[in-house]
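need a 3D model of the sequence below.
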Amino acid sequence: MKIVVIGGSGLIGSKLVGKLRDHGHVAVPASPDSGVNTLTGEGLSEVLDGAQVVVDVSNSPSFADDAVLDFFRTSTGNLLDAGKRAGVGHHVALSVVGTERLAESGYFRAKIAQEQLIRESGRPYSIVHATQFFEFVGSIAQAATEGTTVRLSDALIQPIAAEDVAAAVGRTAVGEPVGGVVEVAGPERFGLDELIRRGLAFRGDPREVVTDRGARYFGALLEKDTLLPGPGARLAGTRFADWLPLNPPPAK
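Numbering: from 1, shown residues only. Next comes the predicted model:
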């Protein structure tokens, strides 16, 4: 199949393109660098010509509330319209477990809007909800840092490796549209504070992680199970302790 990957040069997209090609598909990475811009519509008709599937793993360049909402509304609308004109038979989008429970956050309100557009489009679709990636330990810590202290809730989290997310998105893309959500998660549960504490300690980061149940997660208060998948989630096999040594921080 010809499968177009929007955001195909990013963390998930680049891994996904490689996996699809390894299985014999014509996987086409699409991003502004390759002349495809979902915000303006530039290049969409050309790249989607002859495609059976389009996978959207793109993300907003800005997480400011208005900017991220505009990004997901505009880019998703343009992509759905272009896919309809091109006769694409399966629209796949990557989103986040717990999105519907995180509406206090501007970013997650934007993801809710994206999902709503897809559901109401009338197009055959699948939405993959993934838990937070191991690769996000640094950015989660940074967003919660005050001076040398990282304040985080002890809400439960079931994180997953980006490699496993890409595999799950790939399996969904080559399957039949589910007309709903597929949840994927890692094999272990941690407190959010515990996960970040372990990740920072492994990398020799001196910041202290303080447990604060009132700490906000990208603007949203967390209940104990806000970030957890449902009982039907597909569980990946990579454990955090096994992932850490294979993914050292970038050299300074």
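
for the rest of this, base every contact and every neighbour count on C-alpha atoms.
Will do.

strands along the protein, start to end?
Per DSSP state E, the chain carries strands over the ranges 2-6, 26-30, 53-56, 90-96, 125-130, 145-146, 149-152, 156-157, 181-185, 190-191, 208-211, 234-235.

between the ones you listed, which one is nearest to Leu221?
Of all the strands of the chain, it is strand 149-152 that lies closest to Leu221, at 10.4 Å by C-alpha to C-alpha.

figure out how far the closest one is from the centre of its chain.
How far strand 149-152 lies from its chain's middle: 23 Å, per C-alpha atoms, centre = their mean, to the nearest Å.

go on, stretch 199-211?
24 Å.

who's in contact with the closest residue to Gly232 other than its chain neighbours?
Closest residue to Gly232 apart from its sequence neighbours, by C-alpha to C-alpha, 6 or more residues apart in numbering: Glu183 at 7.4 Å. Under the criterion of C-alpha atoms under 8 Å, 6 or more residues apart in numbering, the neighbours of Glu183 are Val97, Val128, His129, Ala130, Pro229, Gly230, Gly232, Ala233, Arg234.

quick revisit: among the strands of the chain, which comes closest to Asp66?
With C-alpha to C-alpha as the criterion, Asp66 lies closest to strand 90-96 of the strands of the chain, at 18.6 Å.

what strands line up against that closest one, and which way round?
strand 53-56 (parallel), strand 125-130 (parallel) (DSSP bridges).

between that strand and strand 181-185, how big is the angle?
Orientation of strand 90-96 against strand 181-185 (axes from the mean of the first three to the mean of the last three C-alpha atoms, to 10 degrees) gives an angle of 40 degrees.

contact partners for Ala143?
Going by C-alpha under 8 Å, 6+ apart, the list of residues near Ala143 reads Phe218.

so how far is Lys2 from Phe71?
Using C-alpha to C-alpha, to the nearest Å, we find Phe71 at a distance of 25 Å from Lys2.

okay, these two: which has more neighbours?
Higher neighbour count among Phe71 and Lys2: Phe71, with 22 against 19, using other C-alpha atoms under 10 Å.

which one is the more buried one nearest to, not counting chain neighbours?
Phe71 sits nearest to Ser60 (C-alpha to C-alpha, 6+ apart), 5.9 Å away.

so what's that neighbour up against?
Ala67, Val68, Phe71, Phe72.

surely the third one touches Leu39?
Yes: counting by C-alpha atoms under 8 Å, Phe71 touches Leu39, with 6.8 Å between them.

any stretches of this protein with poor pLDDT?
249-252 (pLDDT under 70).

longest helix anywhere in it?
helix 65-86 (DSSP state H).

partner residues bridging Val92?
Val55, Ser126.

quick one: it from Val68, how far?
Taking C-alpha to C-alpha, one finds Val92 at 19 Å from Val68.

so for those two, which sits in the more crowded spot?
Val92 (25 against 21).

mind listing what's buried in the longest helix of the chain?
Across helix 65-86, burial judged by 16 or more other C-alpha atoms under 10 Å covers 68-84, 86.

pull the distance from stretch 240-248 to the chain's centre.
For stretch 240-248, the distance to the chain centre is 20 Å (C-alpha atoms, centre = their mean).
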